[in-house]
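1. What follows is a predicted protein model with its sequence.
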Amino acid sequence: MLKLIVYSFRKYYHLYIPFLSIIFWSSYVLVHEGFFLESLFNLRYDFRPYYYAGKQILSNPSKLYEVEGYVYLPSFAILYSILFSWQPIYIVWYTHYAFNIVLAFLCVIYYDKILLELNLKRKKARLILNTFIVFGWVIYFIFYFNQAKFIVVICFFIVLKRELKYKNDNKKKDIKYYLINFALLSFSLSITPYFIFFVLLYIFYDIEFKKIFQKSFIIKFGLFLLVFLIENFMFFIYPEIIFDYLKKGLTKIPQNWCQLIILREFPLSPSVINIIKILSIIIFFISIIILLNFREKLSLEKMFGYLSFIFLYFNIWKGYDTLVLIIPFILLLFLPYLKSNDFQDPYLKKIRIISFISILILELEPSYNSVIFNAFPFMKNYPLVIFVYIRWLIPISILTIFYILLEIIKAKRVKNNFKENIKKIF
């Protein structure tokens, strides 16, 4: 029995240790808050609007957006009406909590499959990356608020894994393939509509702009819209909830750090604030267009990684829990420097270590400004308060600089190898 345990650990330790991280953070929340949460019915728990939105679907769907705190698409409420809302809330809270733990395990498993599809065979490297995606306060907060972000993550991971699998096996993508992927991505938007930029990047990444009006792409894009409308069929039955969603859902977009600084020091009119939001969104669309112009040189996972960097910098939707998807995509950018023997010298190892430390800081630093203000009240004063709002820029900038440095070194080595091969030929 002992030999079996030792053998199993040696074979799957790159999964077991991330699993332990999930168990640690999920257990820490319960121990810290108490196994029988006194404030279970407090609205600060994100699960409460999920639950009552599901009950509203079962009773009167036309009043869906009268549920306090519910700002998501109807398809999300329909799922919860089927899975959870028929149970008493004092039981289902724990059912959903266990559901989150299982989803977190599945996220690790699918991320490991993505790494294998990207030809990362080294288990130690996979251990590091698998652990990073389920480590830090971001995991704590998802369990603390009993959120549904792991559903979003697993949807994106399944899509990316399927995309890589089809590419490696040279399989032709058919309607069934796109139906499954679009169903997953469309449902992820019901929870996190701000990830629409990743979905758009996925839809457009394998087609040239001049072919956008060709029949094949029109069918592809139309298929996505069809899947989205089928998932949110409640909009057809109760058209009035469309306006309720637009009013309550899309307008409830947290401000980015630029807006927070401006609003704190210089009160602005709502129209100016809306202009800032629109400009931020325009910047995102421009970024997508730029990335798509390099589609021949960039793989889908690299595009996701670069878009994640943009998310970190602009932080348009200030949500700490978005890191649960952004960090895994950024880590994929460092894969070439983890699986190649050409990048094992001490100098490059130091660059990698500093890069991963920067990611660790992002995962472990306090997410709420109130934590810093309570610990250091003087930080509320101008201009120190600016540092509080933009503190993320420090590890992000370090991460960016060292990633660019790795890319420059890689390009130089490729150029030098090319020159050496040319000399050998001639």
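-> Looks like it arrived, so ask away.
2. Distance check, residue 217 against residue 75.
-> Computed as Cβ to Cβ, to the nearest Å, the residue 217 to residue 75 distance reads 25 Å. All C-beta spots, glycine's among them, are computed from the backbone N, C-alpha and C.
3. more neighbours, those two?
-> residue 75 (20 against 16; other Cβ atoms under 10 Å).
4. For the more buried one, give me its contacts.
-> Neighbouring residues of residue 75 by Cβ atoms under 8 Å, 6 or more residues apart in numbering: 186-187, 190, 231-232, 234.
5. quick check, nearest of these to residue 353?
-> Proximity of the contacts of residue 75 to residue 353 (Cβ to Cβ) peaks at residue 187, which lies at 37.8 Å.
6. Can you point out the buried residues in the helix or strand where that closest one lies?
-> Using DSSP states H and E, residue 187 sits within helix 175-191. Neighbour-count burial for helix 175-191, counted by 16 or more other Cβ atoms under 10 Å, picks out 178, 181-191.
7. So the residue nearest the centre of the chain versus residue 151, what's the distance?
-> By Cα atoms, centre = their mean, the chain has its centre lying nearest to residue 325, at 1.9 Å. From residue 325 over to residue 151 the distance is 11 Å, taken as Cβ to Cβ.
8. what do you get for residue 167?
-> According to Cβ to Cβ, residue 167 and residue 151 sit 25 Å apart.
9. Show me which of those two is the more surrounded one.
-> Using other Cβ under 10 Å, the more surrounded residue of residue 167 and residue 151 is residue 151, with 20 against 14.
10. ok, now which ones touch the more buried one?
-> 103, 187-188, 191.
11. Ok, residue 335 next?
-> Residue 335 neighbours (Cβ under 8 Å, 6+ apart): 115, 118, 120.
12. between these, which is nearest residue 129?
-> Closest approach between the contacts of residue 335 and residue 129, by Cβ to Cβ: residue 115, at 6.3 Å.
13. Next, count neighbours for the closest one.
-> There are 25 residues near residue 115, going by other Cβ under 10 Å.
14. cool, and residue 154?
-> Counted with other Cβ under 10 Å, the neighbours of residue 154 add up to 21.
15. Quick check: buried residues in the one helix or strand it maps to?
-> In the assignment (DSSP H and E), residue 154 maps to helix 149-168. Going by neighbour count (16+ other Cβ under 10 Å), the buried part of helix 149-168 is 149-164.
16. Just the local confidence number for residue 290, please.
-> Per-residue pLDDT puts residue 290 at 83.
17. ok, now residue 40?
-> pLDDT, residue 40: 51.
18. Check the one 4 residues further on too.
-> pLDDT, the model's per-residue confidence, is 52 for residue 44.
19. Show me the strands in the stretch 251-400 of the chain, by range?
-> Shown for the stretch 251-400 of the chain, no strands are assigned by DSSP state E, counting those that start in this stretch.
20. where does it dip in pLDDT?
-> 251-270, 272-274, 315-321, 339-348, 366-371, 375 (pLDDT under 70).
21. One more pass at 50, please.
-> 254, 316-318 (pLDDT under 50).
22. where do the helices sit along it?
-> 257-265, 270-292, 300-314, 323-332, 336-339, 346-364, 369-375, 384-390, 393-425 (DSSP state H, counting those that start in this stretch).
23. So for residue 84, which of the ones you listed sits nearest?
-> Between the helices of the stretch 251-400 of the chain, helix 323-332 lies closest to residue 84; by Cβ to Cβ that is 20.7 Å.
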